[in-house]
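In: Could you look at this predicted model? Sequence included:
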Amino acid sequence: MTIARDLTAAEIVALGEARLVRTYKRPPMVLSHGRGVQVWDTDGREYLDFAAGIAVNALGHADSGIAAVLAEQAAKLMHTSNLYHTLPQIELAEKLTAHSFADRVFFTNSGTEANEAAIKFARKYARVAHNTHEKTQIVCFDHAFHGRTIGSLALTPKEAYQAPFRPLMPDVIVLPFNDQAALAQITERACAVFIEPIQGEGGIHEATPEFLRALRERCDQVGALLVFDEVQCGLGRTGDLWAHQASGVLPDMMTLAKPLAGGLPIGALLATERVAAALSYGDHGSTFAGSPLITAVANHVFDRLSAAELLAQVRRVGGYLKARLQAINSAHIKEVRGRGLMLGVEFTSDLAAQVVEQGYAHGLLLVGSGSDVLRVIPPLIVTERQCDQFVERLTAILANL
Ligand SMILES: *Cc1c(COP(=O)(O)O)cnc(C)c1O
């Protein structure tokens, strides 16, 4: 902190570029503070945050409720490790299971770790329930994103992400998304099938209810566990608490993360009793996961994200925003798709990076989804008025391309 006080934004950026590993290409401003859907940089410029820290800041920035719970718990007990029980963690598990198909929860620190846990649970379940060491294959889909660690990266079939790091976890097959005929390729060798009910990084593609139903049926035929990755699409983003709700299909496991603690790092793997019963003491662990600090905040966030009024607001404002995006008169837009406040604007060419880049000068924080889709994932507290401002600024960007 001492270095940055009287430096210009350009000097801070230069220091960052010199000292941070170059895995992220960042724009040349420095963010300083936020309030709700707005963020300001160190030069006082305001941005509407329609990226929300990649669908994390569901309640916006500097939320006073989160700040109060955080301060209160920080002054009480922050970390104990998982060697001990603490009330906030158990309360959160109680809430997550009461509101879902699941009976038990395993906490992690991120989305990729929740998926790693799901991989391990699926492997262990296959050994215990099917009494075989041969049932180890995992199925995922084209354009999926399940994370960047070696196991979940193997389920993220994007050449640029995988190629530098092979060999990855073996025994993975990739099937076309929403293609019912391809489900015949799922055999008794599979211990689990991973799918995002709405693909977030891969272009905002929704799995059809028919596809999810057929997938559930195929999983049951071959004894594979169905895992829904709702790290991005879950927890109110679609206007339902869970993205899979609309299909009526239930998984055996579900992974959560991004918005669950309002900006603090957390992940969760939810599982049925049948699956969780395959795990024994010592099978998996995490030093930091589910700490009283983070789960205290997550309890507060979950209560607010699961409230009927908030979900109704997401449906209403999301519908309004989608209609306004569809009404933009631009030759660059091919399609607007998605549900609730998980929308995608597909361009007629690879314009996403350019639109994101132009966003900074127009007071917008944006994020792409692949090269030709702009992801529209604002905080869930966004208002119609802020959506109007966003659409005005986006329209101006598109007109200048
Ligand atoms: C972001 C994301 C992940 C990975 O989460 P991290 O917290 O970045 O590890 C996994 N699955 C989906 C669907 C995601 O959007």
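Out: Perfect, I can see it now.

In: got a list of what residue 142 touches?
Out: Residues in contact with residue 142 (Cβ atoms under 8 Å, 6 or more residues apart in numbering) are 157, 174-177, 202. Any C-beta I mention is one placed from the backbone N, CA and C, and that applies to glycine too.

In: residue boundaries of the strands in the stretch 1-150 of the chain?
Out: Listed from the start of the chain, the stretch 1-150 of the chain has strands (DSSP state E, counting those that start in this stretch) covering 31-35, 38-41, 46-49, 104-108, 137-141.

In: Determine which stretch of those is the most buried.
Out: The highest average neighbour count among those, using mean count of other Cβ atoms under 10 Å, belongs to strand 137-141 at a mean of 25.

In: partners of that strand in the sheet?
Out: Strand 137-141 has its sheet partners listed here by DSSP bridges as strand 172-175 (parallel), strand 190-195 (parallel).

In: how about the residues of this protein near the ligand?
Out: In this structure, the chain approaches the ligand at residues 110-112, 115, 145-147, 196, 200-201, 229, 231-232, 257-258, judged by Cβ under 6 Å from any ligand atom.

In: Quick one: residues contacting residue 328.
Out: Neighbour list for residue 328: 391, 394-395, 398 [criterion: Cβ under 8 Å, 6+ apart].

In: gap between the residue of the stretch 1-150 of the chain found nearest the ligand and residue 117?
Out: Each residue of the stretch 1-150 of the chain has a distance to the ligand, by Cβ to the nearest ligand atom, and the smallest belongs to residue 111, at 2.2 Å. As judged by Cβ to Cβ, to the nearest Å, residue 111 and residue 117 stand 11 Å apart.

In: contacting residues for the residue nearest the centre of the chain?
Out: For the chain, the residue sitting closest to the mean C-alpha position, by Cα atoms, centre = their mean, is residue 232 at 2.2 Å. Residue 232 sits next to 54-55, 111, 196, 198, 200-201, 258, 342, 377 when contact means Cβ under 8 Å, 6+ apart.

In: Mind checking which of those are in strands?
Out: By the criterion of DSSP state E, membership of the contacts of residue 232 in strands covers 198, 342.

In: what's the closest of the contacts of residue 232 to the ligand?
Out: When the contacts of residue 232 are compared for distance to the ligand (Cβ to the nearest ligand atom), residue 111 comes out closest, at 2.2 Å.

In: Now do that closest one against residue 164, distance only.
Out: 21 Å.

In: With residue 234 instead?
Out: 30 Å.

In: between the two, which one's more packed in?
Out: Between residue 234 and residue 164, counted using other Cβ atoms under 10 Å, residue 234 has the larger neighbour count: 31 against 7.

In: Residue 52 contacts residue 39, doesn't it?
Out: No. No contact is recorded between residue 52 and residue 39 when judged using Cβ atoms under 8 Å, the distance being 9.9 Å.

In: Spell out which residues are contacts of both of these two.
Out: Shared contacts of residue 52 and residue 39, defined by Cβ under 8 Å, 6+ apart, are absent.

In: thinking again about what came up before, which residues are common contacts for residue 111 and residue 117?
Out: Both residue 111 and residue 117 are contacted by residue 255, under the criterion Cβ under 8 Å, 6+ apart.
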